[in-house]
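1. Generate coordinates for the sequence data below:
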Amino acid sequence: MAVPHLTTALTGPLLDLEKRVLAAMPEIEGWFRTQWQEHTPPFYGSVDLRNAGYKLAPVDMNLFPAGFNNLNPVFRPLAIQAAQVTVDHLCPGIANLLIIPENHTRNLYYLQNVAALRDTLRLAGLKVRVGSLLPEITAPTTIELPDGNALTLEPLIRRGRRLGLADFDPCMVLLNNDLSAGLPPILQGIDQTIMPPPEAGWHTRRKSKHFAAYDEVAGVLAELIGVDPWVINPYWGVCTGIDFQSRTGEECLAETVREVLERTRAKYRELGIDQTPFVMVKADAGTYGMGVMSVKDPSEVVGLNRKQRNKMAVVKEGMAVTDVLVQEGVPTFETLKDAVAEPVIYMLDRFVIGGFYRVHTERGDDENLNAPGMHFEPLAFEQCCSEPDAAKKPDAPPNRFYAYGVIARLSLLAASNEIEALVTERYAGLAAVEEAGQPEPV
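-> Next comes the predicted model:
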């Protein structure tokens, strides 16, 4: 299988981790099967992984993934099969599916992602159209894309408690919009299935909630395969009530940075790792790699200059940053053509369907690669990341990719638990509002 040649640190504990993952494959797959009997996987998701040579861990989990256009088209059949399984229990029979994308008309690369997602779902036997939240889309508007494809955006129409297009009544609405700006009225109180549920949007979701859920499932898997949970799980802490412009909360932020650095430094000493620990300070709600900085000393988050404060103060849709995740930095030891790289793993339902390497020629192994100047190298997972070849060396591509798939699915399971908690919290809030006789909150 042709994949980008990757120069990776293949010595030390990570090889031991991979051997343990391979040896425990039947137990791992059996455990995942029991978990999916109890929990519903998100419709789709993507996970950013970091491979440090001594540690393999997720650093972000996106429930509204873009980038489907960066996946290897050779393995589209995997995505088609996964989509069929996913939709069959949501919309049995002939299914109409409506995609609601981000409010972009000029970001053609993002729209290529929407077109690739649309085409995959169509090949799964669905009738798929794209409805836009943009007020300027008042008639079907076709946009020609750089890859030769085209995408038609159509105005959304609401009829009572159903959402659709002028001549299209979908049984399911698929959000590819992370709702950073909030839940618009047109999406409230809809009878159709909306996936992912609106509660998973960044107007309510928090990264710290995801990693709290990940802590639990990572502990179970670590015990199953007999490893220290730390080798698959980054340390983290959270600060609330932050205002970067007024410098409110700097003390809390500096103290949390200090605590996470100290925990990491202690683990490095315990395992004999000769590295300088760092943390990633991230907006607790946000995406697109915005509101992120790499820090090696608590003093670096005190007295930020104007440029740094502006960078951290707001994220997508101008949403103000008030809560901050401080996450142990996991350096990447993976490179592609002398540039640092990190794998991004894509899933539909519970199935790994592929991924790509995010590559950045101007960033270091301890920096955020989701930044302007990055590019993508598609890869494909042999046998869909679920059938490793135990006869091959642990660092052989199928086995390394299987390990990637295990950790990515672990993050997906955490996201499932996270969504269930968000939905439960939402319904509890609605019940309280109804009991009090007040209008439903937006």
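2. Contact partners for the residue sitting nearest the centre point of the chain?
-> Geometric centre of the chain, nearest residue: Asn62, 2.0 Å, by Cα atoms, centre = their mean. By Cβ atoms under 8 Å, 6 or more residues apart in numbering, the contact list for Asn62 reads 45-48, 178, 287. All C-beta spots, glycine's among them, are computed from the backbone N, C-alpha and C.
3. In PyMOL, select just the buried ones from those residues.
-> Selection of buried members from the contacts of Asn62 for PyMOL, criterion 16 or more other Cβ atoms under 10 Å:
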select buried, resi 45+46+47+48+178+287
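4. Between the contacts of Asn62, which sits nearest Ser208?
-> Nearest to Ser208 among the contacts of Asn62: Thr287, at 14.8 Å, using Cβ to Cβ.
5. Let me see the contact set for the closest one.
-> Taking Cβ under 8 Å, 6+ apart, we find Thr287 in contact with 62, 64, 178, 180, 202, 315-316.
6. Mark which of these are buried, thanks.
-> Buried members of the contacts of Thr287, counted by 16+ other Cβ under 10 Å: 62, 64, 178, 180, 202, 315-316.
7. quick one: which of those is nearest Gln35?
-> Out of the buried ones among the contacts of Thr287, the member with the shortest distance to Gln35 (by Cβ to Cβ) is Asn62, at 20.4 Å.
8. in the sheet, who's paired with that closest one?
-> Following DSSP bridges, Asn62 is listed with bridge partners Ser46.
9. re the thing from before, adding pLDDT and distance to Gly226 as columns, could you present the contacts of Thr287 in CSV?
-> Shown next, in CSV, are those (pLDDT from 0 to 100; distance: Cβ to Cβ, whole Å):
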residue, pLDDT, distance to Gly226
Asn62, 96, 30
Phe64, 96, 35
Asp178, 94, 37
Ser180, 89, 40
Trp202, 92, 37
Val315, 76, 39
Lys316, 74, 41
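10. Among these, which lie within strands?
-> Asn62 (DSSP state E).
11. and which of the contacts of Thr287 is nearest Val301?
-> Nearest to Val301 among these is Val315, at 17.0 Å by Cβ to Cβ.
12. I'd like to know how many residues surround the residue nearest to the closest one when sequence neighbours are not counted.
-> In this structure, Val315 finds its nearest non-sequential neighbour in Gly286, 3.5 Å apart by Cβ to Cβ, 6 or more residues apart in numbering. Neighbours of Gly286 under the rule other Cβ atoms under 10 Å: 24.
13. Are we agreed that Gly286 is in a helix?
-> No: counting by DSSP: H, G, I helix; E, B strand; the rest coil, Gly286 is not found in a helix; it is coil.
14. which residues touch it?
-> 180, 202, 315-316, 319, 321.
15. what does Gly373 give?
-> Applying Cβ under 8 Å, 6+ apart to Gly373 gives the contacts 360-363.
16. can you pull out the helices in the stretch 151-300 of the chain?
-> Under the criterion DSSP state H, counting those that start in this stretch, the stretch 151-300 of the chain carries helices at the ranges 207-225, 250-271.
17. Out of these, which is the most enclosed?
-> Most buried of the helices of the stretch 151-300 of the chain, by mean neighbour count (mean count of other Cβ atoms under 10 Å): helix 207-225, with a mean of 19.
18. Which residues does that helix contact?
-> With contact meaning Cβ under 8 Å, 6+ apart, helix 207-225 is reached by 17, 20-21, 23-24, 27-28, 31, 35, 58, 60-61, 228-229, 231-234, 236, 238, 282, 284-285, 323, 325, 327, 406, 410-411, 413-415, 417-418, 421-422.
19. now Gln192, nearest residue through space, not along the chain?
-> The shortest distance from Gln192 to any non-neighbouring residue, by Cβ to Cβ, 6+ apart, is to Val173 (5.4 Å).
20. mind listing what that neighbour touches?
-> 97-98, 100, 163, 187, 190, 192-195.
21. if you set the cut-off to 6 Å instead, what comes out?
-> The contact partners of Val173, taken as Cβ atoms under 6 Å, 6 or more residues apart in numbering, are 98, 163, 192, 194.
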